[in-house]
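A.B. asks: Coordinates for the following, if possible.
(one chain, ligands or ions: 1)
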Amino acid sequence: MLIDTHTHLFDDRFHKDLPAVLERAAAAGVDRVICLGIDLDTSRGAVEIANTYPLVVAAVGIQPNHAAEAKAGDWDAVVKLAESEPRVVAIGETGLDRYWDRAPFPAQEDYFKRHIQLARALRKPFVIHCRDAEADVVKTLRGQEANGPLSAVMHSFSGDLATARECLEMGLYMSFAGMVTYPTAQNLRDVAKEVPLDRLLVETDCPYLAPQPVRGKRNEPAYVAHTVALLAQVKGISVAELEEHTTRNARTLFRL
Ligand code: NI
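C.D. replies: This is a model prediction of the structure:
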């Protein structure tokens with residue numbers, strides 16, 4: 001059994017064939033898919049999909065690149081979804097992003113802290129997006145750690161080993177997406193090798209960045225199996241063993 005811990009199934013690219021996509025996921029051994037909102041509209045979309053398809057559960061949040069365009073009232077509506085919708089298992093995605101530079105950094109930091117506090121208040125885990133902002137994310141998390149242990153995952157981790165060690169030390173899970181399968185991503189594979197089996201998660205981040213050998217296609221939850229196969233090689237264990245660990249970790253973190 002596999003769990004795809006990070007997807008965006010509300011994306012236009014799934015509008016025509018979502019039921020078929022989810023059937024293929026189930027046929028590939030995926031028995032849970034987490035769909036994460038990136039703003040209020042898509043958080044509502046994620047909840048709607050989770051309420052429609054038993055395979056799917058949701059997370060709600062305002063992703064850092066959407067922090068500037070969030071309107072007054074959007075955050076309160078996200079909070080309400082998180083509090084009232086039983087299929088919301090996590091808060092996010094949230095985090096910091098200096099790569100796209102789409103929202104002023106102080107606004108990103110403000111939202112990041114709100115998500116962490118909401119997650120803490122609701123006793124749910126939160127999902128961290130970090131792009132070219134590793135030092136800032138670690139700094140914020142270290143600050144928040146003072147208020148109690150963190151229950152979170154670094155999603156589609158793309159940072160270096162030093163950052164990974166800091167995150168592991170704070171008790172975070174590390175999730176790897178299709179990028180880790182790319183021939184040029186040897187440093188990412190070196191990082192994955194160092195992540196203990198009891199902290200490792202897998203995801204597709206679909207529809208983006210499909211893994212080898214389906215790279216370039218629209219990504220979908222069934223393809224998480226390719227990333228699992230690669231990580232098993234990296235860790236030098238069987239695919240079945242890697243599946244068992246990552247699935248158990250996802251169940252523990254997201255209480256599935
Ligand atoms: Ni995402």
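
A.B. asks: do you know how far the closest residue to Pro125 other than its chain neighbours is from Asp136?
C.D. replies: Spatially, and ignoring its direct neighbours in sequence, Pro125 is nearest to Ser151 (4.3 Å; C-beta to C-beta, 6 or more residues apart in numbering). Quick note: C-beta positions are derived from backbone N, CA and C, even for glycine. Counting by C-beta to C-beta, to the nearest Å, the gap from Ser151 to Asp136 is 20 Å.

A.B. asks: So if I had to pick from these two, which one is more boxed in?
C.D. replies: Ser151 (21 against 18; other C-beta atoms under 10 Å).

A.B. asks: what about the longest strand along the chain, average pLDDT?
C.D. replies: Taking DSSP state E as the criterion, the chain has its longest strand at strand 88-97. Averaged over strand 88-97, pLDDT sits at 98.

A.B. asks: just checking, what packs against that strand?
C.D. replies: strand 30-36, strand 56-60, helix 74-84, helix 105-122, strand 126-131, helix 134-145 (3 or more C-beta pairs under 8 Å, 6 or more residues apart in numbering; DSSP states H and E).

A.B. asks: wait, which of those is closest to Gly236?
C.D. replies: Among the helices and strands packed on strand 88-97, the nearest to Gly236 by C-beta to C-beta is strand 30-36 (23.9 Å).

A.B. asks: how about the nearest residue to Thr163, chain neighbours excluded?
C.D. replies: Glu134 (4.3 Å).

A.B. asks: do Tyr173 as well
C.D. replies: Val153 (4.2 Å).

A.B. asks: Read off the pLDDT value for the one you found.
C.D. replies: 98.
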